[in-house]
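J.: Here's my sequence, what's the structure:
(2 chains)
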Amino acid sequence: MIDYQTIESAARQIMSQAAIDIPPDYRQGIEDMAKWEQGELSCFVLQTMMDNWNAASEDRRPMCADTGLPRYYVKVGNDARLADGFTGLERALRSATAKATHDIPLRPNRVHPLWRNDHNNNIGINAPEIDWSFEPDVDWIDITTVHKGGLFGTDYRMLFPGDGIDGIKRFFLDTLVSFGKRGLACQPAIMGIGIGGSKDTTMVLGKQAACLRVVGDRNPDPKIAALELELKQLGNSIGMGAMGFVGNAMVADCHIEVGFTHTGGMPVSVHAFCLSSRRATVRIHADGRCEYRHDPEWFTPYMRRETVEWPIENTDATASV
Amino acid sequence: MADRKHGRDSIRIKIPVVQEDLEKLEIGMVVYLDGLVYTGREGVYRKVVEEGADLPAGVAQLSNANFHCSPAAAVNDDGSYSVGGVTATASFRFSRYMAEWLRRSNARIIIGKGGMSVEDYRDILVPAGAIYLTTVGYGTGALLGRGIRGVRAVHWLEELGNAQAMWVFEVENFGPFIVESDLAGNSLFEQQGKLINANLDKLYENLKAPALGRYGETDDRKDELI
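T.: Reported below is the predicted structural model:
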């Protein structure tokens, strides 16, 4: 049985970790890019960002003072039991957000969209967002927090099957070029691309692809994996680098997630995470033990299942999955 | 005081900045600041420029460096402040306030994210004798946080909230910033953007336009969104 206090204290811990410590996979990605980046100004930006990550970890202060929109992704094991139920978990996450905002401190970013008033704690109507998913045959819960800025670097477009892969490439370039200028997208970033589903699904998948998969991770579908690498290479051949300066470092990695969609359409979303890529995950076991990590491991085989049954039965119809 | 930082010329400037120091700044130079710097964004500009409120006493006399940002900060129980860092917010949105703001505040250094348009430099900043410094990254919140030695004052905190209030920081070796626009209105972003634009046609060469267009869309990738 997992109790309220354990959840709240673990959530405060990941809030702090996400805000202060750059995930090692992303750091490695930027270190690698700094080695080949030819643009002098772009390279200066990458090196300065590494200085910034060191300063944040040494001083235990946030990497970026723009808190973004702190939020949570919760994966619940099918056999997990929560002492205060699911609403108790939501309350623990709201409480942890408010406390972390004061204690770290984080900038209270969340305001009412019309009246612009705030509660000085990053809590409000529909904030923080909590996305749920489930995992069969386990009794733990995984909680991931993501602090991502929200003003630039993301776009949605309804494409059609006839627009093809070229249409996706073109839209991907449009997003990078338009928001890359002056560095509004805070690149080089992990780019997430959602393809398919309904419009809202497309947006959710793209955002999760950007924020919940680590640099170097590939989609299990080999053809999608190849497209990920092709788009990454394409983004890094624009001639633009960090802050929109001349260079090539735009895309630290590219992740694609898909959902079955309307037979007539091919909705696409493109999301840029940022130079702070703030995410951290905790697994809370049934006995209350907490394990902290940087890889959210959000897209499990179960999440990407394609058939009614789980586990997938090994029949001809599903052999290619 | 010239120095090198990751292969670039860097310089320390005292605030309030004097004309002689502003004249030394060339686009692309790395700058660190010492003295007092104060924040300003929508809340402050609306209050002063639209509602006509006076600037808080002393601000314009003590500092002429205005930063488009707000801090990751909390007010402690004893009334003191904990400041973790500051990160800039995109400056182009404040274009409409800048002419009147510079007249009222006498600011000569504007610090922010992403710069402003060359037209804004030509028509607003240059006539006011002001230059623009961009933050680096973006998101060097921790490095900038290290440069903040204290909070001199916070104005309109109750009314505007933590993120929109005017924070007056005592800073030392506060940076790095990059000179984006100089006294002549030259723009680093514009120069770099032109070089990048030269390659764009080739990049799009074989990619046909999608079946469904969008209202208001530009098909010229050389255009900017700001």
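
J.: Isn't A:Arg305 up against A:Glu313?
T.: No. If you go by CB atoms under 8 Å, A:Arg305 and A:Glu313 don't touch, sitting 11.5 Å apart. Just so you know, the C-beta spots here come from the backbone N, C-alpha and C atoms, and that holds for glycine as well.

J.: which of those two has more neighbours?
T.: Using other CB atoms under 10 Å in any protein chain shown as the criterion, A:Arg305 and A:Glu313 rank with A:Arg305 on top: 15 against 10.

J.: Following the chain past the helix or strand hosting A:Lys207, name the next helix or strand.
T.: Assigned by DSSP states H and E, A:Lys207 falls within helix A:199-211. Moving toward the C-terminus from helix A:199-211, the next helix or strand (DSSP H and E) is helix A:222-235.

J.: helices or strands up against that following helix?
T.: In terms of contacts (3 or more CB pairs under 8 Å, 6 or more residues apart in numbering or on different chains; DSSP states H and E), helix A:222-235 is packed against helix A:164-180, strand A:189-196, strand A:251-259.

J.: Correct me if wrong: A:Asn122 contacts A:Val111.
T.: No. At 10.0 Å, A:Asn122 does not count as touching A:Val111 under the criterion of CB under 8 Å.

J.: Doesn't B:Val86 belong to a strand?
T.: Yes. Counting by DSSP: H, G, I helix; E, B strand; the rest coil, B:Val86 falls inside a strand.

J.: OK, contacts around A:Glu40?
T.: Contacts for A:Glu40 were tallied using CB atoms under 8 Å, 6 or more residues apart in numbering or on different chains; they are B:Gly7, B:Arg8.

J.: same deal with A:Pro220?
T.: A:Pro220 sits next to A:Pro301, A:Arg304 when contact means CB under 8 Å, 6+ apart.

J.: Any figure for the gap between it and A:Arg293?
T.: Distance from A:Pro220 to A:Arg293, counting by CB to CB, to the nearest Å: 20 Å.

J.: Over to B:Phe177?
T.: 36 Å.

J.: next one: B:Val86
T.: From B:Val86 across to A:Arg293, the span is 30 Å (CB to CB).

J.: which residues in chain A form helices?
T.: Remark: helices assigned in chain A by DSSP state H are A:4-20, A:24-36, A:40-59, A:85-103, A:164-180, A:199-211, A:222-235.

J.: let me fix that: chain B
T.: With DSSP H, the ranges of helices along chain B come out as B:19-24, B:42-45, B:59-62, B:95-105, B:118-120, B:141-147, B:157-160, B:188-197, B:200-204.

J.: Relative to chain A, which of those helices is closest?
T.: Closest of those to chain A is helix B:141-147, at 3.7 Å (criterion: CB to the nearest CB).

J.: Report all helices and strands that the closest one contacts.
T.: Here helix B:141-147 touches helix A:40-59, strand B:69-75, strand B:81-88, strand B:166-181, going by 3+ CB pairs under 8 Å, 6+ apart.

J.: For it, the averaged confidence score.
T.: Helix B:141-147 comes out with an average pLDDT of 96.

J.: Relative to the whole chain's centre, how far out is that helix?
T.: Distance of helix B:141-147 from its chain centroid, counting by CA atoms, centre = their mean, to the nearest Å, is 15 Å.

J.: Also stretch A:168-177?
T.: The chain centre lies 19 Å from the centre of stretch A:168-177; the measure is CA atoms, centre = their mean.

J.: What about the closest residue to A:His285 other than its chain neighbours, how many residues nearby?
T.: Among residues not flanking A:His285 along the chain, A:Trp140 sits closest, at 5.0 Å (CB to CB, 6 or more residues apart in numbering or on different chains). By the criterion of other CB under 10 Å, A:Trp140 has 20 neighbours.

J.: Could you point out which of the helices of chain A sits nearest B:Glu119?
T.: helix A:164-180 (19.0 Å; CB to CB).

J.: tell me, how many neighbours does residue 153 end up with?
T.: Reading this off chain A. Neighbour count for A:Gly153, taken as other CB under 10 Å: 25.

J.: my question was about chain B
T.: The local packing of B:Ala153 (other CB under 10 Å) involves 17 other residues.

J.: Quickly note the distance from it to chain A.
T.: For B:Ala153, the distance to chain A equals 18 Å [CB to the nearest CB, to the nearest Å].

J.: pLDDT below threshold where in the chain?
T.: If you meant another chain, say so; for now it's chain A. Along chain A, segments meeting pLDDT under 70 span A:314-321.

J.: if you could check chain B rather than the one you did, that'd help
T.: Regions of chain B meeting the criterion pLDDT under 70 cover residues B:1-2.

J.: go with 90
T.: B:1-7, B:9, B:70, B:72-77, B:79, B:84, B:139, B:161-163, B:213-226 (pLDDT under 90).

J.: Against chain B, how distant is A:Arg293?
T.: Noted for A:Arg293: a distance of 23 Å to chain B, by CB to the nearest CB.

J.: how much space between the residue nearest to that residue when sequence neighbours are not counted and chain B?
T.: With sequence-adjacent residues excluded and distances taken as CB to CB, 6+ apart, A:Arg293 is closest to A:Thr281, at 5.2 Å. Using CB to the nearest CB, one gets 21 Å for the distance from A:Thr281 to chain B.

J.: is it true that A:Thr281 touches A:Ile141?
T.: No. In this structure, A:Thr281 is not within contact of A:Ile141 by CB under 8 Å, at 10.8 Å.

J.: Now do the shared contacts for these two.
T.: Taking CB under 8 Å, 6+ apart as the contact rule, A:Thr281 and A:Ile141 touch no residue in common.

J.: which ones are touching B:Gly137?
T.: When contacts are counted by CB under 8 Å, 6+ apart, B:Gly137 touches A:Val45, A:Thr48, A:Met49, A:Asn52, A:Cys64, A:Gly183, A:Cys186, A:Ala242, A:Met243, A:Leu275.

J.: on that earlier part again, turn the helices and strands packed on helix B:141-147 into TSV, including distance to B:Ala53.
T.: Shown next, in TSV, are these (distance: least, CB to CB, whole Å):
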stretch	distance to B:Ala53
helix A:40-59	35
strand B:69-75	18
strand B:81-88	23
strand B:166-181	11
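
J.: count of residues packed around the nearest residue in space to A:Met303 that is not next to it in sequence?
T.: Once flanking residues are discounted, A:Met303 sits nearest to A:Ser133: 6.0 Å by CB to CB, 6+ apart. Applying other CB under 10 Å, we find 15 residues neighbouring A:Ser133.

J.: List the beta-bridge partners for A:Ser133.
T.: Note on A:Ser133: beta-bridge partners by DSSP bridges are A:Lys75.

J.: Hmm, it is touching A:Gly77, no?
T.: No. When contacts are counted by CB under 8 Å, A:Ser133 is not listed as touching A:Gly77 (10.7 Å).

J.: Of B:Phe177 and A:Arg293, which one has the most company?
T.: B:Phe177 (25 against 15).

J.: How about that one: what's its closest non-neighbour residue?
T.: In space, and not counting its chain neighbours, B:Phe177 is closest to B:Leu133: 3.9 Å by CB to CB, 6+ apart.

J.: Isn't the one you found up against B:Val31?
T.: Yes. Assessed by CB under 8 Å, B:Leu133 is found in contact with B:Val31 at 5.8 Å.

J.: From chain B, how far out is the spatially most central residue of chain A?
T.: Centroid-nearest residue in chain A: A:Cys211, 0.9 Å away (criterion: CA atoms, centre = their mean). Using CB to the nearest CB, we find A:Cys211 at a distance of 16 Å from chain B.

J.: Now that residue: closest residue in space that isn't a chain neighbour?
T.: A:Cys211 sits nearest to A:Val146 (CB to CB, 6+ apart), 4.6 Å away.

J.: ditto for A:Thr175
T.: A:Val270 (4.1 Å).

J.: how far away is A:Ser57 from A:Ala19?
T.: Remark: distance between A:Ser57 and A:Ala19 (CB to CB) = 11 Å.

J.: Much appreciated, bye for now.
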